[in-house]
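what's the 3D shape of this:
(one chain, ligands or ions: 2)
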Amino acid sequence: MPPLEDSLETCAICMLDHNAKLSVVLLPCGHDFHNSCAREWMETRATRDDQSCPLCRTVTKEIVDESGNSDSPGYPFGEIGEPTRSALIYEEQPRMLQQLLRETETRLSRCEELEEDEAKGEEYRQDMQSEKRKMESRREQLHRMLREFAEGEWTQELQAQLEEHEMILMVQERFDAMLREHEERMRRHHELMQRICDQEEQMREMQRRWESFWMEDRQEHEDQGEVGREEREQQPQQF
Ligand SMILES: [Zn+2]
Ligand SMILES: [Zn+2]
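Ligands and ions are numbered 1, 2, ... in the order given. Take a look at the predicted model:
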């Protein structure tokens, strides 16, 4: 183990002088490293709880730079290109992605500020430039992840609307079928009613004919009856 004064002068990760690059202090343990070295170390960890100090393994809660700016150790995230496995955990969480994006924007503007600092050495400025490129790539990745999430949401919503629409169509088809069935029943009903009316009319006609026949027949009988009675009534008188 090196004496304490040595670890204060150089970054324990790259062993270069602290002044060469932007240096940060990890909290709560208070060990200091170059910002890029510490971030790179943190980003190789699988989870937030694994983000511990490379020297003493205390879980890092906060990173403070030499100007007193403080932020979280950052989420595990691939340097360039595809996000790491751990970053994918946040892919379905827009709130987390938004937070990552805010952190990224803050660090990016900080890098741009420090990059312009004429008092710093060439290595320092190069370190800031590479950090800036990393943040720009991350910002792009985050925008893409947020966009994909929004598209996924939109697709789901569209799917739900489509299903609802299909259900409405199905109900409507059933209603149409019921209506057609009802119309057919009504048509048959009217047909039957018409037939009953026709039969009633026929029956009335038959009744009229029968009545007139009966009337004629009765008249005939009555006429004959009158004659017979007269004959019968007259006959005894003849004896
Ligand atoms: Zn270093
Ligand atoms: Zn430590």
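
Verify the contact between residue 63 and residue 53 for me.
No - applying CB atoms under 8 Å, one finds residue 63 not in contact with residue 53, separated by 10.5 Å. For every residue, glycine as well, the C-beta is placed using N, CA and C.

near ligand 2, which residues of the chain show up?
29, 31, 53, 55, 56 (CB under 5 Å from the ion).

swap the cut-off to 6 Å and go again
Neighbours of ligand 2 within the chain, by CB under 6 Å from the ion: 26, 29, 31, 53, 55, 56, 58.

and after the least confident helix or strand in the chain by mean pLDDT, which helix or strand comes next?
Ranked by mean pLDDT, DSSP states H and E, the helix or strand of the chain with the weakest confidence is helix 85-88, at a mean of 51. On the C-terminal side of helix 85-88, the closest following helix or strand by DSSP states H and E is helix 94-115.

Give me the next element, helix or strand, following that next one.
Following helix 94-115 in sequence, per DSSP H and E, is helix 122-238.

is ligand 1 contacted by that next one?
No - Helix 122-238 does not reach ligand 1 (CB under 6 Å from the ion); its nearest approach is 9.2 Å.

How about stretch 41-50?
No - if you take CB under 6 Å from the ion as the test, stretch 41-50 misses ligand 1, and the best it gets is 9.4 Å.

which residues are common contacts for residue 63 and residue 53?
Shared contacts of residue 63 and residue 53, defined by CB atoms under 8 Å, 6 or more residues apart in numbering, comprise residue 26.

restrict the residues of the chain next to ligand 2 to those near ligand 1?
Applying CB under 6 Å from the ion to the residues of the chain next to ligand 2, none is adjacent to ligand 1.

Include neighbour count when you put those residues into a markdown table, please.
Shown next, in a markdown table, are those (neighbours: other CB atoms under 10 Å):
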| residue | neighbour count |
| --- | --- |
| 26 | 26 |
| 29 | 16 |
| 31 | 18 |
| 53 | 22 |
| 55 | 15 |
| 56 | 10 |
| 58 | 14 |
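
out of these, who's nearest residue 172?
Among the residues of the chain next to ligand 2, residue 26 lies closest to residue 172 (CB to CB), at 65.5 Å.

related to what we said a few turns ago, out of the residues of the chain next to ligand 2, list just those in strands.
Counting by DSSP state E, the residues of the chain next to ligand 2 place residue 26 in strands.

Using JSON lines, lay out the residues of the chain next to ligand 2 together with distance to residue 179 and pLDDT.
Compiled in JSON lines, those are given as follows (distance: CB to CB, whole Å; pLDDT from 0 to 100):
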{"residue": "26", "distance to residue 179": "75", "pLDDT": "94"}
{"residue": "29", "distance to residue 179": "78", "pLDDT": "95"}
{"residue": "31", "distance to residue 179": "80", "pLDDT": "95"}
{"residue": "53", "distance to residue 179": "76", "pLDDT": "93"}
{"residue": "55", "distance to residue 179": "81", "pLDDT": "93"}
{"residue": "56", "distance to residue 179": "80", "pLDDT": "94"}
{"residue": "58", "distance to residue 179": "76", "pLDDT": "93"}
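
Alright, I will stop here.
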